[in-house]
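K.L.:
from the sequence below, what's the structure:
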Amino acid sequence: MGAVLPLLLPLLLPPWAAGGAAVCGRCPGPVRNGSIVAQYCASQAGTESEGRCCRERGARPERLLGLDLSDCSLHSLPPGLAEAAAIVILDLTENPLTPLPNGSFLGFTHLQHLMVPLALECPGGSNAWENVTMHGKSWLCQGQRNPCNSSGELAWLCPENAACAPDGPGLVQCLCDSPFHGYKCLREGTFPMLLFCGILGAITLSLSLLLWGTQRRKAKTP
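P.N.:
Residues are numbered from 1 along each chain as shown. Next up, the predicted model:
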């Protein structure tokens, strides 16, 4: 496992990368010595461990960098894992995991290092990663690829006035180009928030007055 450490290069993280407090306590004990999460946390300045998580020390809100779920007797991914979508490193080794459904890592666009048991494959397949290597009884999936750049076939998936964007290992989403929005990015211009709120408020007020009048008449009926 020691050979993995040189592969863990410093990664840029978004300032909003926070959350995942519940999943940090999903498994008992701290980050396991020798895990790729422990190695990564030790190699980065200004980090600290909290439960099975590696966080940036002193940041507010604290940024979650890594999650160690190794040897947790997991048969499937734990509930609440989506809270940790901003992590860059995840260890799932030594778990009796069943094959993971497509979309299990939806939104994990910053995940760059992932270890899974040999019985599984890297999410999205080997084409979703720059490097897939075997380490003992595990696969190390490194360097999440942008599927929008690797295949021109994805261009037709997005409607006109929209662009392909990564949404996790092997997953994509379509984002409307400015100033388009709405269904299939067919509406142009900014969303008419004032008009929408005005119409919604008028409808709500009308229904409230109607119900008040109806209930008031019923209350007066002997």
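K.L.:
contact partners for the residue nearest to the spatial centre of the chain?
P.N.:
Geometric centre of the chain, nearest residue: Ala85, 2.8 Å, by C-alpha atoms, centre = their mean. Contact analysis of Ala85 by C-beta atoms under 8 Å, 6 or more residues apart in numbering lists Gly19, Gly107, Phe108, Thr109, His110. For every residue, glycine as well, the C-beta is placed using N, CA and C.
K.L.:
what does Leu74 give?
P.N.:
Leu92, Asn95, Pro96, Leu97.
K.L.:
can you rerun that using 10 Å?
P.N.:
By C-beta atoms under 10 Å, 6 or more residues apart in numbering, the contact list for Leu74 reads Arg26, Cys27, Leu92, Glu94, Asn95, Pro96, Leu97, Thr98, Pro117.
K.L.:
same question, Gly201
P.N.:
With contacts defined as C-beta under 10 Å, 6+ apart, Gly201 has no neighbours.
K.L.:
please enumerate the helices of this structure.
P.N.:
21-24, 36-43, 147-150, 193-220 (DSSP state H).
K.L.:
quick revisit: which among the contacts of Leu74 end up buried?
P.N.:
By neighbour count, with 16 or more other C-beta atoms under 10 Å, these hold Arg26, Cys27, Leu92, Glu94, Asn95, Leu97, Pro117 as buried.
K.L.:
re earlier: wait, which of the helices of the chain is closest to Pro79?
P.N.:
Checking the helices of the chain against Pro79 by C-beta to C-beta gives helix 21-24 as the closest, at 8.6 Å.
K.L.:
that older thread, and of the contacts of Leu74, the nearest to Gly168?
P.N.:
Nearest member of the contacts of Leu74 to Gly168, counting by C-beta to C-beta, is Leu92, at 15.1 Å.
K.L.:
which residue sits closest to that closest one, ignoring its sequence neighbours?
P.N.:
Sequence neighbours aside, Val116 is the residue nearest to Leu92 in space, at 5.1 Å (criterion: C-beta to C-beta, 6 or more residues apart in numbering).
K.L.:
ok, that neighbour touching Trp139?
P.N.:
Yes. Taking contacts as C-beta atoms under 10 Å, Val116 lies within contact range of Trp139: 5.3 Å.
K.L.:
which neighbours do these two share?
P.N.:
Leu92, Thr93, Cys122.
K.L.:
these in strands, which ones?
P.N.:
Among those, no residue falls in strands (DSSP state E).
K.L.:
between those, which is nearest Cys53?
P.N.:
Leu92 (14.3 Å).
K.L.:
what about that closest one, distance to Pro28?
P.N.:
Distance, Leu92 to Pro28, by C-beta to C-beta, to the nearest Å: 16 Å.
K.L.:
what residue ranges in the chain score low on pLDDT?
P.N.:
Where the chain drops to pLDDT under 70, the residues are 1-21, 59-62, 150-156, 189-192, 216-222.
K.L.:
could you chop it up by domain?
P.N.:
Domains of the chain are assigned by automatic domain parsing as 2-145, 149-187, 192-220.
K.L.:
now the strands for this protein?
P.N.:
47-50, 53-56, 64-68, 89-91, 113-117, 129-135, 138-144, 162-166, 172-176, 180-181, 187-188.
K.L.:
which elements pack onto the third one?
P.N.:
Secondary structure elements in contact with strand 64-68, counted by 3 or more C-beta pairs under 10 Å, 6 or more residues apart in numbering; DSSP states H and E, are helix 21-24, helix 36-43, strand 47-50, strand 53-56, strand 89-91.
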